[in-house]
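>>> how would this look folded up:
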Amino acid sequence: MDKAERRQALLRAARTVFSEKGYHEAKVDDIVALAKVAKGTFYLYFPDKRSVFGELVRGLFSRLGGAILRVDPSADVEAQVKHNIRAIVAVLLDDPALTSILLSHAAGLDPAFVKELRAFRQEVKLLLQQSLAEGQRLGVIEPGDTELYATFTIGALKEVLFENALEEQARPRERIVTALHDFLRRGYLRMDPAAGLAARGPEGERAAPATGDAPGEAPERVSPSRGRRARSRGD
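Numbers count the residues shown, from 1 in each chain. Now for the predicted structure:
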């Protein structure tokens, strides 16, 4: 076994140990025992447990980046968005141990490692923000605060994955993908890029709706109850 193969064997063993014991309870001794190498061999490649975990998380982050494809607004936008959601869900569900630790609050871990986890989560959030900003430019994402949009999306995805991990019978992946897609579509997603671009002002802000009011006058506000009464009368 050459050096590259031995390093990969240690990474595979570490992933399994983290999956079975969690980060806090995992030990270097567990990793080398599963990889069937001497403890000294581990330290030829990684200075400590945290460094091997960091390597695994960076690999997860790299796979997430590769899973997100740029949306072409001239093609089927809905299919492309759904493909991206499906690819992201697949990456996270295929590595449940890393995903769980990465998205958790990391209670009981040392402060330095918690700081490192936060940095990884911030990288994931920044990646999503950049994708959302590009979507706004293409007109498939509603204008607004991409940082908050990213927070909402990651929060929803995190809860779905945690709940799925706790269920005795996990939900089918495609069911999760469809539910997330439908949820986002009712929020900031716009499946008609032309309409999204037309709704913007010259500086990228959402254009004000035409109300027929005189310039400078505030549009009349109709309460929901008044609107319901009007509809019930057939107006």
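>>> By mean pLDDT, which helix or strand of the chain comes out lowest?
helix 224-232 (a mean of 44; mean pLDDT, DSSP states H and E).
>>> buried ones in the longest helix seen in the chain?
In the chain, assigned by DSSP state H, the helix with the most residues is helix 111-138. For helix 111-138, the neighbour count (16 or more other C-beta atoms under 10 Å) marks 113, 116-117, 120-121, 124-125, 128-129, 131-132, 135-136, 138 as buried. Every residue, glycine included, has its C-beta placed from N, CA and C.
>>> what do you get for stretch 18-34?
For stretch 18-34, a neighbour-count test (16+ other C-beta under 10 Å) marks 18, 23, 26, 28, 30-32, 34 as buried.
>>> Dump those to a markdown table, plus secondary structure, pLDDT and distance to D94.
Below are the buried residues of stretch 18-34 laid out as a markdown table (DSSP: H, G, I helix; E, B strand; the rest coil; pLDDT from 0 to 100; distance: C-beta to C-beta, whole Å):
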| residue | secondary structure | pLDDT | distance to D94 |
| --- | --- | --- | --- |
| F18 | helix | 86 | 14 |
| Y23 | helix | 79 | 18 |
| A26 | coil | 89 | 19 |
| V28 | helix | 95 | 25 |
| D30 | helix | 96 | 22 |
| I31 | helix | 96 | 20 |
| V32 | helix | 95 | 25 |
| L34 | helix | 95 | 19 |
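>>> and E55, how many neighbours does it have?
Residues near E55, counting by other C-beta atoms under 10 Å, number 16.
>>> That one contacts R12, doesn't it?
No: when contacts are counted by C-beta atoms under 8 Å, E55 is not listed as touching R12 (11.6 Å).
>>> Show me where the chain has its helices.
3-25, 28-35, 39-45, 49-67, 77-94, 96-103, 111-138, 146-166, 173-185, 193-198, 224-232.
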